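Asks: Please find the sequence and the predicted model below.
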Amino acid sequence: MQTEIIISGFGGQGVLFAGQLLAYAALDLGREVTWLPSYGPEMRGGTANCTVIIADEEIGSPAVRHPQVALVLNLPSMDKYEDELVSGGTLIANASLINRGVHRMDIKSLIIPANEIAEALGNKRMTNMVMLGAMLGMSPVMPLEALEKTLELHLPERHRRLLPANFKALRQGFEFAQKQFAQEILSAG
């Protein structure tokens, strides 16, 4: 099995770190991985995205044209990557910076107020962790606990004081996605 993921937003939103963390977690689980960052010359405030491929077998190319999963943290990313997703893919969008709904009916989607959730936890910079947690709540890429363990192993010493907040942000995003998914099942039934 191979899962192709794109994470996109403004520079400074932790897009590249989120992808890197996901890649490390997959490596820690013994999976094959590629992580390919891309950002404009402005970096902070400009566009930034990264692709992560997680597979059980060797990966032929790090290029991702039509991902199965997209985490979009801002409107330009939503406009660009919604149409790139494969049919049946999963889109997780940050409602805090996106002022429209999902147009496609052939994908699963979650609109999450990620900035507000992070702010309620005391740190807007945790938005990327809220989004990652939501992704794991929607798409079984790996267990949430694997990402938490990797965060603990790979977070630099100078940021270790932020571990509890990161764990909370991951769990809040995960629980938000799980609740939304459960409500959709109840509504459909």
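Replies: Cool, got the structure. All of these numbers come straight from a predicted model, not from anything done at the bench. Numbering: from 1, shown residues only.
Asks: where does the residue nearest the centre of the chain land in three-state SS?
Replies: Note on the chain: the residue nearest the mean C-alpha position is residue 132, at 3.8 Å, using C-alpha atoms, centre = their mean. Assigned state for residue 132: helix (three-state reduction, DSSP: H, G, I helix; E, B strand; the rest coil).
Asks: So for stretch 74-89, what gets flagged as buried?
Replies: 74, 77-78, 81-82, 85, 89 (16 or more other C-beta atoms under 10 Å). No exception for glycine: its C-beta is placed from N, CA and C like everyone else's.
Asks: same thing with stretch 51-66?
Replies: 51-55, 64.
Asks: For the nearest residue to the residue nearest to the centre of the chain once chain neighbours are set aside, report the pLDDT, please.
Replies: Excluding the flanking residues, the one nearest residue 132 by C-beta to C-beta, 6 or more residues apart in numbering is residue 18, at 5.3 Å. pLDDT, residue 18: 95.
Asks: Would you mind measuring from residue 18 to residue 58?
Replies: 24 Å (C-beta to C-beta, to the nearest Å).
Asks: just to revisit the earlier point, burial check on the residue nearest to residue 132, number of neighbours?
Replies: 24 (other C-beta atoms under 10 Å).
Asks: One more: the one 3 residues further on?
Replies: One way to gauge burial is a neighbour count; for residue 21, by other C-beta under 10 Å, it gives 23.
Asks: Then the one 4 residues further on?
Replies: The burial metric for residue 25, expressed as a neighbour count using other C-beta under 10 Å, is 28.
Asks: And the pLDDT at it?
Replies: pLDDT recorded at residue 25 is 97.
Asks: So it is in contact with residue 145, correct?
Replies: No. Counting by C-beta atoms under 8 Å, residue 25 does not reach residue 145; the two are 9.8 Å apart.
Asks: Distance-wise, check residue 36 relative to residue 66.
Replies: 15 Å.
Asks: For this protein, which segments are assigned as helices?
Replies: In the chain, the segments counted as helices under DSSP state H are 15-28, 75-81, 114-120, 127-138, 144-154, 163-188.
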